[in-house]
Each structure stands twice: as structure tokens, then as C-alpha cells.
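Chemist: curious how this folds, go ahead:
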Amino acid sequence: MTLAFLRAFARRGLLALLAGTAVLVGLAMYGIQTRTAALRLQDGAGPVFPALRSKDAINAVDRLEIDDGGTTIVLVRAADGGWSVASIGHYPADATAVKAALMGLSSLEYDQRLTATASKHASLGLEYPRSDSAEAAQTPAGGESNRTGTRLRAFAGSEEPLAAAIVGQSTFQPRTQAIRLDGDDQVWRVKGSVEARADHSAWIKTDLVSIPTEQVQRIAFEGLEISRRSAPGAAEANAASPAVPPGMDDWDVTIAGPVEWEAADANRAKGPLTSLLTRLEVDDLRQATDLSACDTTTLHYTLDAGTLDLTMWAESGRTWIAISGTGAPVGTAGFQFRLPEWKANQIKNLRPPPRSDDSTPAAPTPPATPPPPVSPESP
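Modeler: Sure thing, here's the model as predicted:
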């Protein structure tokens, strides 16, 4: 009786132990699954802006704002589908750049949750708006601020954006980016990237003019006239032509003054001036300002179809131009453009340096006045 009881008790104990173990294993598995789900929720998944995932949604966007806390670029879409920079007089925008930004926004997908500490935003290029202390700490010697946070917002017929994010540092292999949603301190690493700069040059076609050399007939610059040779022997028939060394035989050069061009200087200027319009790029633009107080120089081009004038002047150490004439690109009227320094220097260096006129005799030096005699009575 006692032995049978003990055996039964042992069996019940073993069953209880097995049942307890099963419960513990079940609890452990539940804990693992719960933690895995929590980690997945923590890291995030899926598109950042699902409202922008369709082609129709992207085509419905009619306003894009790019803001770095100091400069705001506003791009708007017209009824015909074209884009313009509303923040600077509706200058035509580069539709390719706008489309790339919208496609970039729509492609972002959550990858991993990063920091939510606001003081770490600057290190990831996500500080917006920029704090005074950070701006002072990261202002280079030249005085221009390096803003670290750029906000990008897309609208579609409403004051509430379809997408709004502060975009920061990105990598290319793999393509990821650090972002945070507008108004949220939480930083995410996302798959994909979107490039956005609060700089007008990022949203316009910087190739301002593209005219083949074959379409240029005549150029006038500071008394130097360069014209396409119409027939063999035209250069010899032109008595005003200087003795230009051989080269570029399809152009004639005439020095009309008032700048005192040497033949070598004129020949050196011929190549850059005839090819200047093949690709004339700009760094920046602005709405036109008054030029009455500026010292301007004009480059005049006669083309196969119309004329083109480039009026240039220096301002705060940079070179600006205004473009006019019947051959000027559409939309450039009423705007001024800043040339890249290398291009500005190329044009400025064409003008010969001033030289003195050796034919004017130097004024004679008056003889020195001898000192008055000293009187014996003088102390």
C-alpha cells in the first residue's frame, strides 16, 4: 500500500514538474515574441509618408517648401504643370530637381530608431531651428553660418502638408539617411534619401545659356569686335584688322577702341569670347536691382536669330550679370545672375591691363631752392 502510494505520488510529481516546465517554456517564448514585437515596433517599418506613395499623390503636390531656419525657398506648380520659384519672383524652376525631391520623400522607409535627445540633433545634421549657441560654435572664420537642419514640406491644395521632415546626413552604400518628423525630437535612420538645400541654385537650371558657336556672327567687347569671316580674303580687305597671329581663321578681329588692345591680347580673347555662350552657368540669382550707380561692362552678341547682351558688374567682390536681347532665354527678364568666380575671372582677364603712354614727356623737375645765406649776426 505504501509502495503503491509512493509510486503514484512520484508519477504525479513528475507530471507536475513537466507541466511546470512547459509553462515556463511557454512564458519564455511569449516573452521573446513580445520583446521581438516591441523591438520591431521600436525600429519601425514601412513608408515614412504613405500619403505620397502613389504617382497620383505626387502629381497632386502643388507646393514645396525648403527651409534651413534662415532661408526659405518656396516652389509652386502652375496649372500647366510647370514649376517656379515663388520666393524669388516666380523664376522658372528645374522640374527635374523638384521631381527628384518628391520621389525621394515618397521612397523613404523606416529602418531604425536612433536618438531622441535634442542636443544630439546637430551632430546628425538635424538641428532645426538652429540654436544661437550652436550657430556661434559652427560659424566659420568667414562669418557664413553652416546651418545643419533643412526642413522639407510638401503640400497638395491644403495648409496641412502631406509630408514634412527635417532631413540630415545621408550615406550611399547602402543609401540611408537620418531624418526626424517635423515637430518631433525622435531621429530615425531611413532607407533611401532626399536631397534638399535652401539655395536657389539647387532648384533652377544653372546652365543659363547654351548657344553653339556656329550660331554666333559677331561679338563686341570693350572696343574689340570679332566677326565671323564671310568669305576668303575678308581679313585682308579689312584695313583696320590688326596683325593677329594665325589661328581660328574663320574669325576677323577689329580694334575700334577706346581700350588699347594689342594684337596678341585681341587674339587671346578671341577663343574665350566666341565659345562663352556654349555653356554659361550661374551660381545664384535675384530679382533685378537698380544699376545706375554700378560700373557696368556689356558683351554684345549678334546671333543667327537675334541679339544677346550680357551686362556685367562687380558687387561685394562677386560678379553679377543681367541678360537681355531678343535671343535671351525665356524668363530671364527682370532677374540678375551671379557668375561662378572662375567664369568671371576668365572674362575679366581678357581685358588688357592699362598701360602708360610713353610718348608724353615727363614734366621737368624744378631745381632745388638754395638755402638763404647765414648772416654773421645770426645767433
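Chemist: any weak-confidence spans in this protein?
Modeler: Residue ranges of the chain with pLDDT under 70: 1-44, 131-147, 231-249, 353-379.
Chemist: tell me which stretches of this structure form helices.
Modeler: Along the chain, the stretches classed as helices by DSSP state H are 2-43, 55-60, 95-107, 132-137, 234-237, 263-275, 341-348.
Chemist: buried residues of the second one, list them for me.
Modeler: This points to helix 55-60. Of the residues in helix 55-60, Ala57, Ile58, Ala60 count as buried by neighbour count, 16 or more other C-beta atoms under 10 Å. Any C-beta I mention is one placed from the backbone N, CA and C, and that applies to glycine too.
Chemist: that one - contacts with which helices or strands?
Modeler: helix 95-107 (3 or more C-beta pairs under 8 Å, 6 or more residues apart in numbering; DSSP states H and E).
Chemist: give me that answer again for 10 Å
Modeler: Judged by 3 or more C-beta pairs under 10 Å, 6 or more residues apart in numbering; DSSP states H and E, helix 55-60 is in contact with helix 95-107, strand 150-155.
Chemist: would CSV of these with mean neighbour count be doable?
Modeler: Listed next are these as CSV, based on neighbours: other C-beta atoms under 10 Å:
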stretch, mean neighbour count
helix 95-107, 18
strand 150-155, 22
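Chemist: for those, which one sits closest to Asp184?
Modeler: Among the helices and strands packed on helix 55-60, the nearest to Asp184 by C-beta to C-beta is strand 150-155 (12.0 Å).
Chemist: any idea how far that closest one is from the chain center?
Modeler: Here strand 150-155 is found 17 Å from its chain centre; the criterion is C-alpha atoms, centre = their mean, to the nearest Å.
Chemist: again with stretch 114-127
Modeler: With C-alpha atoms, centre = their mean as the basis, stretch 114-127 stands 24 Å off its chain's centre.
Chemist: and it, what's buried?
Modeler: Those would be Leu114, Thr115, His121, Ala122, Leu124, Gly125, Leu126, Glu127, for stretch 114-127 by 16+ other C-beta under 10 Å.
Chemist: how near is the third one to Thr148?
Modeler: If I follow you right, that is His121. Distance, His121 to Thr148, by C-beta to C-beta, to the nearest Å: 8 Å.
Chemist: list the residues that contact both of the two?
Modeler: Residues touching both His121 and Thr148 (C-beta atoms under 10 Å, 6 or more residues apart in numbering): Glu127, Tyr128, Arg130, Ala134, Ile166, Gly168.
Chemist: now the residues you listed in TSV, with distance to Thr206?
Modeler: Shown next, in TSV, are the shared contacts of His121 and Thr148 (distance: C-beta to C-beta, whole Å):
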residue	distance to Thr206
Glu127	28
Tyr128	26
Arg130	27
Ala134	30
Ile166	26
Gly168	25
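Chemist: what about those, which are in strands?
Modeler: Ile166, Gly168 (DSSP state E).
Chemist: hmm, back to that, of the buried residues of stretch 114-127, closest to Leu224?
Modeler: Of all the buried residues of stretch 114-127, Gly125 has the smallest distance to Leu224: 48.8 Å, by C-beta to C-beta.
Chemist: contacting residues around the closest one?
Modeler: If you count contacts by C-beta under 10 Å, 6+ apart, then Gly125 has 146-150, 166-170, 177-179 around it.
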